[in-house]
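> Have a look; sequence and predicted model below, questions after that.
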Amino acid sequence: QVQLVESGGDLVQPGGSLRLSCAASGFTLENYAIGWFRQAPGKERERVSCISRSAGLTTYADSVKGRFTISRENAKNTVYLQMNSLKPEDTAVYYCVTVRSCTTGSRLSSWGQGTQVTVSS
């Protein structure tokens with residue numbers, strides 16, 4: 001079964017940190033660029049970050065630049081999103097998908113269940 005599974009979401013206080021994981025099963029993740037997206041209640045889904053196949057290109061939304069870091073560990077078939085200095089506005093369900101490239105952003109895989117991140121005191 002080909003799928004991506006997100007994990008690592010939690011309830012955290014403002015200023016805290018979390019690391020999200022995106023694990024692939026049934027296919028080799030290193031063959032794809034990976035995008036992290038998020039959707040907050042009542043808002044449209046937005047792309048947060050992207051990493052190219054070689055990890056030579058990473059992109060970030062302006063709202064998370066300097067706070068979030070995307071990385072990949074191909075040996076573990078996993079992509080990570082390290083989130084620091086979290087703010088209440090980062091509260092959302094986070095999803096990872098394969099994309100055609102980080103420049104076009106065209107989604108290839110289906111949306112999974114996501115992982116909930118809640119930033120609140």
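Structure's in. What do you need?

> Centre-most residue in this protein?
The residue lying closest to the centre of the chain (C-alpha atoms, centre = their mean) is residue 36, at 2.8 Å.

> Not counting its own residues, what contacts whichever strand or helix holds that residue?
Using DSSP states H and E, residue 36 sits within strand 33-39. For strand 33-39, the external contacting residues (C-beta atoms under 8 Å, 6 or more residues apart in numbering) are 20, 22, 45-53, 70, 72, 79, 81, 90, 92-102, 105, 107, 114, 117. C-betas here are computed from N, CA, C, even on glycine.

> rerun that using 6 Å as the cut-off
45, 47-53, 79, 81, 92-97, 99, 101-102 (C-beta atoms under 6 Å, 6 or more residues apart in numbering).

> Partner strands of that strand, with direction?
With DSSP bridges as the test, strand 33-39 is paired with strand 46-51 (antiparallel), strand 92-99 (antiparallel).

> could you dump that strand to PDB, C-alpha only?
Provided in PDB are the C-alpha atoms of strand 33-39 (Å, rounded to 0.1, in the frame of the first residue of the first chain):
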ATOM      1  CA  ALA A  33       9.800  16.400  -3.700                       C
ATOM      2  CA  ILE A  34       7.800  16.700  -0.500                       C
ATOM      3  CA  GLY A  35       5.500  19.500   0.600                       C
ATOM      4  CA  TRP A  36       4.200  20.200   4.000                       C
ATOM      5  CA  PHE A  37       0.800  21.900   4.100                       C
ATOM      6  CA  ARG A  38      -1.500  23.000   6.900                       C
ATOM      7  CA  GLN A  39      -5.200  23.800   7.200                       C
END
